[in-house]
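> Predicted model, plus sequence, below.
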Amino acid sequence: AALALSLATGLGIWAAVSPRVVRRTALMAPAVQTRTGARLTPDWRRVMVVVQAALSITLLCAAAVVSRSLIRLMSVEPGFPVEHLYSFWLDPGQAGYDRARSGIFLGQVLDRVREMPGVRSVSITSHLPLSSEKSGGFLCREQTSDGDLSEQVAAENIVEAGAGHFSNLGIAMAAGRELLRGDLHEMKVAVINESLAKRLFGKNNPIGRRLGFLGAQPEWRVLGMVKDVKSNPRMPAVPSLYLPFDFKDPRHTRAALVLRTEPGVRITSEMVRAMVRRIDPAVAIDQFGPMSEQAARSLYRDRMLAGLSLCFAGLASLLCAIGIFGLTSFSVTRRAREIGIRVALGATRVSIQWMVMREVSILAVFGGCLGLMVFLASNRVLSSVLFELAPSDPASLVIGAAALGVTTFLAGFLPAYWATLVDPACALRQE
């Protein structure tokens, strides 16, 4: 928007002053040609415009394909709706709590959050679904009756989750059921995601099967299988194991609470911090924020790359427009006598405008073709940052070519229009 405003402002200033310049310089066309031709010939001016057009379309195509890649990334669902979800971390261990007391404290906070106005549901977990932090381990499944040996599989993400965690997040169950309050006391049950189920059991039904850590007896009975969740839209879902959150003796004192609010309800960090202080002022909350912001942060690099590519493409287009505008204005001034003769012989305004625009259009087409060849030859540079798109994406090439065409038309039309304002009588009196 800022680049478009700058371009519009510059063209507006030229539109205000150039009619006078054209009329005045029409009387001095031969002198201008003589003085300037020694310093920079028209051929080099045309070469510079061709280079600017080539650079412009190269950056425009790159900006288009990177932006389209970002749009595709933003359309990838993480596996659950992030709207109306908030999360924050608590670490009672930093306030001197041991693991047993931490579990009691986390249970109290969970109950208090559930009573907050506007909160529909809340759950506790050791890992947030959109976090890049993972804690994995090797698993094995039980030996089957036909003598099949226990298969060893790496679970890249082992999560402790409280009752109702999947329904709170909105993660759908593919089979079986999720963890309930009664399961937290049994502690010998588990839920797995589709990726882990495929690795461990293939196409077989995993419900009721047993698994455990490598080197130990398989003791966890699979209660359910949940849909895969992606922490990063570029990466596939990792095999995940969900175990009941042990409030009596948690593995770690640090845990995250995820709360879902009613539509239109906004929860602030001060509200949560005040609630926690009423239980124990020594325990602080950390990383409070909406889950939608966490999802947006996972695309930070792609957003920055798209923004930079658009800025550079805009600057290149602005320079190309200035070059085309300057060359066309100079050409109109230099050919003022010729234009006056054509008008005196009956040439129409449309024919005069087309005569001027034809020259700049040829230069833009030549530069555009050159830039497209450069862009296609260097597509390996962009292939590593694109998502489900080839650098030679036809739609992106069309967008880049169309943007260059609009730039050329806007930059060349005004000088072409001013060419029709040349006074034939004044032009014919010049030697």
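It's in.

> From residue 390, how far out is residue 379?
Distance, residue 379 to residue 390, using CB to CB, to the nearest Å: 8 Å. Quick note: C-beta positions are derived from backbone N, CA and C, even for glycine.

> if you count what's nearby, which of the two comes out ahead?
The residue with more neighbours, out of residue 379 and residue 390, is residue 379; 16 against 12, by other CB atoms under 10 Å.

> got a pLDDT number for the more buried one?
As predicted, residue 379 sits at a pLDDT of 75.

> Spit out the contact partners of it.
390-392 (CB atoms under 8 Å, 6 or more residues apart in numbering).

> Going along the chain, name the strands of the chain.
For the chain, applying DSSP state E gives strands covering 85-90, 119-125, 137-141, 152-155, 157-161, 173-176, 189-193, 210-213, 220-226, 240-244, 255-261, 285-290.

> wait, which of these is closest to residue 328?
Proximity to residue 328, assessed across these by CB to CB, is greatest for strand 285-290 (51.4 Å).

> contact partners of the closest one?
82, 85-91, 269, 272-273, 276.

> and what of stretch 98-105?
In contact with stretch 98-105 (CB under 8 Å, 6+ apart) are residues 90, 92-93, 97, 246-253, 279-280, 283.

> Now, those that are in helices?
When DSSP state H defines the helices, the subset of the contacts of stretch 98-105 inside them is residue 279.

> Can you verify my assumption that residue 207 contacts residue 201?
No - when contacts are counted by CB atoms under 8 Å, residue 207 is not listed as touching residue 201 (9.7 Å).

> Whichever of the contacts of strand 285-290 end up buried, select them in PyMOL.
For the buried members of these, the matching PyMOL selection, counting by 16 or more other CB atoms under 10 Å, is:
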select buried, resi 82+85+86+87+88+90+91+272+276
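
> And the contacts of strand 285-290, which is closest to residue 342?
For those, the residue nearest residue 342 by CB to CB is residue 82; the value is 64.8 Å.

> how much space between the closest one and residue 123?
15 Å.

> Single out the most deeply packed of the strands of the chain.
strand 189-193 (a mean of 26; mean count of other CB atoms under 10 Å).

> what's the weakest-modelled helix or strand in this protein?
When the helices and strands of the chain are scored by mean pLDDT, DSSP states H and E, helix 29-37 comes last with a mean of 39.

> my read: residue 392 touches residue 373, true?
No - between residue 392 and residue 373 there is no contact under CB under 8 Å: 11.5 Å.

> Looking at the two, which is more packed in?
residue 392 (15 against 12).

> Point out where the stretch 301-431 of the chain drops to low pLDDT.
Under the criterion pLDDT under 70, the flagged ranges of the stretch 301-431 of the chain are 335-337, 339, 343-344, 347, 418-431.

> same deal with the stretch 151-300 of the chain?
Within the stretch 151-300 of the chain, the stretches with pLDDT under 70 are 151-152, 154, 185-187, 214-217, 249.

> if you set the cut-off to 90 instead, what comes out?
151-164, 170, 172-224, 228-255, 262-272, 274-276, 278-300 (pLDDT under 90).

> and residue 309, how many neighbours?
Residue 309, neighbours per other CB under 10 Å, totals 22.

> Chain neighbours aside, what residue packs nearest to it?
Leaving aside its chain neighbours, residue 309 sits nearest to residue 63 (4.1 Å; criterion: CB to CB, 6 or more residues apart in numbering).

> For the one you found, give me the pLDDT.
Residue 63 is assigned 88 on the pLDDT scale.

> Could you do residue 24 as well?
On pLDDT, residue 24 comes in at 42.

> What of residue 124?
Here the pLDDT value assigned to residue 124 is 90.

> Show me what it is bridged to.
In this structure, residue 124 bridges to residue 257 when assessed by DSSP bridges.

> Can you give me the distance of it to residue 271?
Distance from residue 124 to residue 271, counting by CB to CB: 18 Å.

> do the same with residue 400
49 Å.

> quick one: which of those two has more around it?
Shown here are residue 400 and residue 271; by other CB under 10 Å, residue 400 has more neighbours (25 against 14).

> on that earlier part again, which one of the strands of the chain lies nearest to residue 305?
Closest to residue 305 of the strands of the chain, according to CB to CB: strand 285-290, at 23.5 Å.

> Pull the distance from that closest one to the chain's centre.
23 Å (CA atoms, centre = their mean, to the nearest Å).

> do stretch 222-234 as well
Worked out by CA atoms, centre = their mean, stretch 222-234 lies 22 Å from the chain centre.

> With only the CA atoms kept, save it in PDB.
Extracted in PDB, the C-alpha atoms of stretch 222-234 (Å, rounded to 0.1, in the frame of the first residue of the first chain):
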ATOM      1  CA  VAL A 222      -4.900 -48.500  24.300                       C
ATOM      2  CA  LEU A 223      -8.300 -46.800  24.900                       C
ATOM      3  CA  GLY A 224      -8.500 -44.600  21.800                       C
ATOM      4  CA  MET A 225      -6.900 -43.300  18.700                       C
ATOM      5  CA  VAL A 226      -7.000 -39.500  18.000                       C
ATOM      6  CA  LYS A 227      -6.600 -37.700  14.700                       C
ATOM      7  CA  ASP A 228      -3.100 -36.300  13.900                       C
ATOM      8  CA  VAL A 229      -2.100 -32.800  15.000                       C
ATOM      9  CA  LYS A 230       0.500 -30.800  13.200                       C
ATOM     10  CA  SER A 231       2.700 -28.500  15.200                       C
ATOM     11  CA  ASN A 232       4.000 -27.000  11.900                       C
ATOM     12  CA  PRO A 233       2.000 -27.000   8.700                       C
ATOM     13  CA  ARG A 234       5.200 -27.800   6.700                       C
END
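
> follow-up on the earlier one: could the contacts of residue 379 go into CSV alongside distance to residue 184?
CSV is the format used below for those (distance: CB to CB, whole Å):
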residue, distance to residue 184
390, 49
391, 51
392, 54
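
> so residue 298 touches residue 230, yeah?
No - taking contacts as CB under 8 Å, residue 298 lies outside contact range of residue 230: 9.0 Å.

> what residues are up against residue 308?
With CB under 8 Å, 6+ apart, residue 308 has no contacts at all.

> List the contacts of the nearest residue to residue 76 once chain neighbours are set aside.
Once flanking residues are discounted, residue 76 sits nearest to residue 233: 3.7 Å by CB to CB, 6+ apart. By CB under 8 Å, 6+ apart, residue 233 lies in contact with 73, 76, 78, 298-299, 387.
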